[in-house]
Structures are given as C-alpha cells and as structure tokens.
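Peer 1: Need a 3D model of the following:
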Amino acid sequence: DEYDEPFKSTVQVNQSGIAIPEELGAKKFNVNTRWFVEDFGFVFLSADNAGQSYSVKDLSKGHLNLNYEFAKSRVARNRKIKEQYLNHGAKFSNELNHLYSLSEELFEDATRRINDNEKCADLSDKSLKYSLFSGEKIEIEYAQYEIKRQKRKDDVRFGCESRQLVWAKSEEFVKRFPELFNYATITHYVWDSWYELFEPREGKYNWGVKDDILNFLIDKNITVEGRPLFWFHPTVTPEWLKQKNFSELKTYVEKHTKDLVSHYGDKVLEWEVINEYHDWANIFNHTPEQITEIVKLACDKTKETNPKVKKLLNNCAPWGEYVARGRMARMDATRPLRSVKKYIEDLITAEVEFDVIGIQIYYPGRDLSDIVRMIERFEKFNKSICITEIGASSGPSNETVFNGQLKLPSAPYEWRRPWDEDLQADWLEAVYTIYYSRPLIKTINWYDFSDFRPFIVNGGIVREDCSTKMSFNRLKNLLSSWNRLPGQTKG
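Peer 2: This is a model prediction of the structure:
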C-alpha cells in the first residue's frame, strides 16, 4: 500500500496486462512484480506513481503502461535520494552522474512518446536500466562517504554461523574462521539434522557438540550469540511439541528458556529469543495476540534468568512477500498476515522488552536501493539492528553440476549476470559497505562459511577444502580498510 505494507488482493495478470479489481475502491496501492531488466537482472520492482501511489480512480481513463510506470517511479526515487544525499554533503562520481543523466534523458524521451505504447515501453526500459545502475551507485558512494565521515569507533561485530565447525574437513577451517570474525552464532534447533538431535525428548538436551564449539569460540576471543530459543517452523518442530495446546506451550516456553539461558550463564550474553514468528514460522497458527503473549513471555523469562542478556528477535522476508501471497511456512494462511514491520510495531505497542531487531537478507532479488529503503523502515524504531543472516551463491561448480545440486543456469540471471565467485564478492562488498555505514547496524553476520553442507548451495566464502574464494579475500580487505579485523584498533 502507500505505506509499503504488503496486502493480499485479487489483482490478476492476464493477456491484457495487470488487472486491478474495483474492490480496492479508494485504497492507495503500489504494483510490485519481478521484472527482467536487460544487463541488470531479474529483480522485484515497485511502480508507485513517482511516490504518490495509485488508486482505481487513476485507471478510470484506461490502462497505464507498466514499463513507463516502473521507469517513472525509479527516476523519481533517484532524484529524491540523490538530492537528500547531496544536502548531507556527499559528492558523486562522474560515472554516476553520467548514468543518472542518461536515465533522466531517456525518461523524458519516453514521456514524449507516451501515446506510442511500444516506443514508450522501449525507451522506458532503457531509462529503467540506467536508473537501477545509477541508483545502486548512489547508495554505494553515499555509504563510502558516510564511512569516511563517521569514522566509527563503536562496537561493531562481523560474524558467521558456526555449525560447520562440527563437520570441518580441513584444519584450515579453524584457522580461517577467526581470521575474519569477532562474532559467531551457535544454533539450537530442537529438531535438526545438522547435529545429533538437540532435544530428542522434552527437557532432555544434548549439549556436547555445542559446548565444544562454544569453548573453541571463547578461546579465539569470539563473542557468541545463542540462537534461537524458539523457532516454530514445521521442519524443526517435533510431534511432541506440535501437540501442545497454548497453555502447555507457555509452560514449555518458560522452562526451555530458563534451561538454555542458565546452562551457558555469562558465557553467552546475547540470545536470539525467537525466529521468524511474524506470522511466517507459526506451526501452531497462533493469532497476533497469542504471538505477542509468547514473545513477551520468552523475553521476560530470558531477562529473569539472566538480566545481562541482550534479547534479539530474528525476522525473515522483510519485504513481506508472504503477506501478499497469503502463505505461512509450508501452509496457507487462515487470516490476513502481518509484515515484519507491523509485527515489530505491535510488540513495541504491547511493551514487549527486547533489545535488537534481527533482519535476514540473503540475496533478495532486489537492488541495493530497495535494500536501503527497507533498512530505513526499521531504523525508525531506533533500536540496534543485527543483519542476522546474509548469503549469496558463487554459482555452479563442476561438482554441483554433476550431482545435480546446482546446475548451469537456464533462468534469467538475478543480478548483473549469472552468479560466479567474483559476482558473489561484488555483492558481499556492496552490502557490507552499506550496512557498515548505518550507525544502528551493530552486527553483520554471513551465514555459510564453507561450501560444505551450506544453506545456499556454494554460498560459502571458502570452498569445501577451505581454500578461500574471492568473497573471503574481499571481506578481509574491506574489514582491514575499516580497521575491523580481529586484533586491529577500531576507527
């Protein structure tokens, strides 16, 4: 809608285009869809009427040219953001200004040909391409300017998930990991194929491997976050837990929280209290009110068990596509769903005490400008932000093509070109630069360290034998330039 909140509708796509239902009435809306932009990629785009949004009334005189509307919306956004950043003192490169001017000139040409649908669409597509390239450069160059201006000396953590330490095939793994990171997460899914089952029966825990990983990380002076106390996703919730009613679940939440937080004591002073509970990972199909009650109970019990612990709420799908689709994790929704932003708003209104907003941003099929706009929406809460899970593939290898895990691409490329090791490094460098430039972002956490049993196929920054990829080396150089490698002086 006009506030960037997704909603489920009966909008249809047919041979004539996108058909907007009359039932929307006076409601303002934007049109979001995935769109292939030649040379740039297959990305989600929003047509927002140059920031004014649309209503059914806007369509009363006939159809709108979607190619033109996408270009108009992105050109208008770039104008606004570029002016805003210039007012903050930024200077932009000649290359950026050239791309920006091209997008403006092509859009003016498209406007002059508005009555010639095909010609207008062709010029609009060209304008959109240069708008996307210049929009990304605006964000990167402004982030670089802000990093130089701020000279951050606060505590910023750069980390990674540690589960692959269990299966490390090379001694190099335990050498490479501390080379980059001062932060790591240890995962405690109740039912997980990565380790021996953590809680095979209610209240019976297998701590061994996790304790071993914790001791290794502490020995390397790496701050540890435990995660998650709760993740009510179908894939990790055993039958004995699924069968609990709401009252029984609350009893379990209290005991499980106390058991985990007290087991580690002051060795783990940061906990991801709950993961993806914003109507997504909701195997119990709880109402918003029940969700708030469970989150509050878990946060309060964490504080009671160890008041020193920082409490993080982790969230996926920050653009809320699942809301528009009416889908929760592996199940259809039975009610209108909430976005992550609305979920956080509801928790704050209910006075739930938590410290950190966690956001997962694997390569999202969106450009860097969209990523920054999304971050801005969460910055308005004025809470610390942790980028909890980041990742992108380095593309197929001989092995993944042979075993069928990741074949040579046949679909349109997602960003710039088909994924390869250099492109993975380019995306990593771009998003890390943007995140580090935002003072409220205190933690940036890549997910797959190695290509061995990764969440994203070939999503590691080292290969299975722990030889480094371009992304490892690029991140090391980036952190070194900010004096943020382990052992370096901040600032």
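Peer 1: just the helices in this protein please.
Peer 2: Secondary structure of the chain (DSSP state H): helices at 66-87, 94-112, 117-150, 171-180, 208-219, 239-242, 246-264, 288-305, 321-325, 340-349, 368-379, 398-403, 421-436, 470-481.
Peer 1: Please name the spatially closest residue to Y413 (chain neighbours excluded).
Peer 2: Leaving aside its chain neighbours, Y413 sits nearest to G41 (5.6 Å; criterion: CB to CB, 6 or more residues apart in numbering). The C-beta positions use only the backbone N, C-alpha and C, and glycine is treated the same way.
Peer 1: and R335, what does it touch?
Peer 2: T287 (CB atoms under 8 Å, 6 or more residues apart in numbering).
Peer 1: The residue nearest to Y413 reaches P412, doesn't it?
Peer 2: Yes. Look at G41 against P412 with CB atoms under 8 Å: they come within range, at 7.4 Å.
Peer 1: If you count surrounding residues, which of those two has more?
Peer 2: G41 (19 against 14; other CB atoms under 10 Å).
Peer 1: can you pull up the bridge partners for the more buried one?
Peer 2: When assigned by DSSP bridges, G41 has beta-bridge partners V37.
Peer 1: Quick check: it vs I348, distance?
Peer 2: 36 Å (CB to CB, to the nearest Å).
Peer 1: Same list (the helices of the chain) but as a markdown table, adding mean neighbour count.
Peer 2: Shown next, in a markdown table, are those (neighbours: other CB atoms under 10 Å):
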| stretch | mean neighbour count |
| --- | --- |
| helix 66-87 | 19 |
| helix 94-112 | 17 |
| helix 117-150 | 20 |
| helix 171-180 | 17 |
| helix 208-219 | 16 |
| helix 239-242 | 13 |
| helix 246-264 | 16 |
| helix 288-305 | 18 |
| helix 321-325 | 18 |
| helix 340-349 | 19 |
| helix 368-379 | 18 |
| helix 398-403 | 12 |
| helix 421-436 | 20 |
| helix 470-481 | 17 |
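Peer 1: Of the ones you listed, which shows the lowest average pLDDT?
Peer 2: Lowest mean pLDDT within the helices of the chain: helix 398-403, at a mean of 87.
Peer 1: Contacts for it, please.
Peer 2: By CB under 8 Å, 6+ apart, helix 398-403 touches Q405, L406, K407, L408, V457, N458.
Peer 1: Extract the CA atoms of it and return them as PDB.
Peer 2: C-alpha atoms of helix 398-403 as PDB (Å, rounded to 0.1, in the frame of the first residue of the first chain):
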ATOM      1  CA  ASN A 398      31.700 -28.900 -11.600                       C
ATOM      2  CA  GLU A 399      30.700 -30.900  -8.600                       C
ATOM      3  CA  THR A 400      27.300 -29.300  -8.100                       C
ATOM      4  CA  VAL A 401      26.500 -29.600 -11.800                       C
ATOM      5  CA  PHE A 402      27.500 -33.300 -11.700                       C
ATOM      6  CA  ASN A 403      25.500 -34.200  -8.600                       C
END
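Peer 1: Just give the nearest non-adjacent residue to K258, would you?
Peer 2: In space, K258 is closest to T305, 5.0 Å off (CB to CB, 6+ apart).
Peer 1: does the one you found really touch Y264, like I thought?
Peer 2: No. Assessed by CB under 8 Å, T305 is found out of contact with Y264, at 10.4 Å.
Peer 1: Which positions are bridged to the residue nearest to the spatial centre of the chain in the beta structure?
Peer 2: The centroid of the chain falls nearest to I361 when counting by CA atoms, centre = their mean (1.6 Å). Counting by DSSP bridges, I361 is bridged to I390.
Peer 1: how much space is there between it and R484?
Peer 2: 20 Å.
Peer 1: Kindly report the same for I114.
Peer 2: Taken as CB to CB, the span from I114 to R484 is 50 Å.
Peer 1: try F378
Peer 2: Plainly put, F378 is 22 Å away from R484 if you go by CB to CB.
Peer 1: And for I186?
Peer 2: Following CB to CB, the distance that separates I186 from R484 is 22 Å.
Peer 1: What of L347?
Peer 2: Using CB to CB, one gets 31 Å for the distance from L347 to R484.
Peer 1: What of S393?
Peer 2: 25 Å.
Peer 1: So for the two, which residue has more residues nearby?
Peer 2: S393 (25 against 20).
Peer 1: How about the contacts made by that one?
Peer 2: Y363, L406, W419, Q424, I456, V457, N458, G459.
Peer 1: show me the contacts for the fourth one.
Peer 2: So that's Q424. By CB under 8 Å, 6+ apart, the neighbours of Q424 are A392, S393, S394, G395, K469, M470, S471.
Peer 1: The fifth one now?
Peer 2: By CB under 8 Å, 6+ apart, I456 lies in contact with Y362, G391, A392, S393, Y447, D448.
Peer 1: Please render those as TSV that adds distance to E353 to the earlier fields.
Peer 2: TSV is the format used below for the contacts of I456 (distance: CB to CB, whole Å):
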residue	distance to E353
Y362	29
G391	30
A392	34
S393	38
Y447	27
D448	32
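Peer 1: tell me the two of these that are most distant?
Peer 2: S393 and Y447 (11.8 Å; CB to CB).
Peer 1: who touches both of those two?
Peer 2: The contact sets of S393 and Y447 overlap at I456, G459 (CB under 8 Å, 6+ apart).
Peer 1: if I look at the closest residue to Y343 other than its chain neighbours, how far off is Y436?
Peer 2: Spatial nearest neighbour of Y343, excluding adjacent residues (CB to CB, 6+ apart): H278 at 3.6 Å. Applying CB to CB, the value for H278 to Y436 is 26 Å.
Peer 1: who touches the closest residue to L197 other than its chain neighbours in this structure?
Peer 2: Leaving aside its sequence neighbours, L197 sits nearest to W191 (CB to CB, 6+ apart; 6.0 Å). W191 sits next to L197, F198, E199, T235, V236, T237, P238 when contact means CB under 8 Å, 6+ apart.
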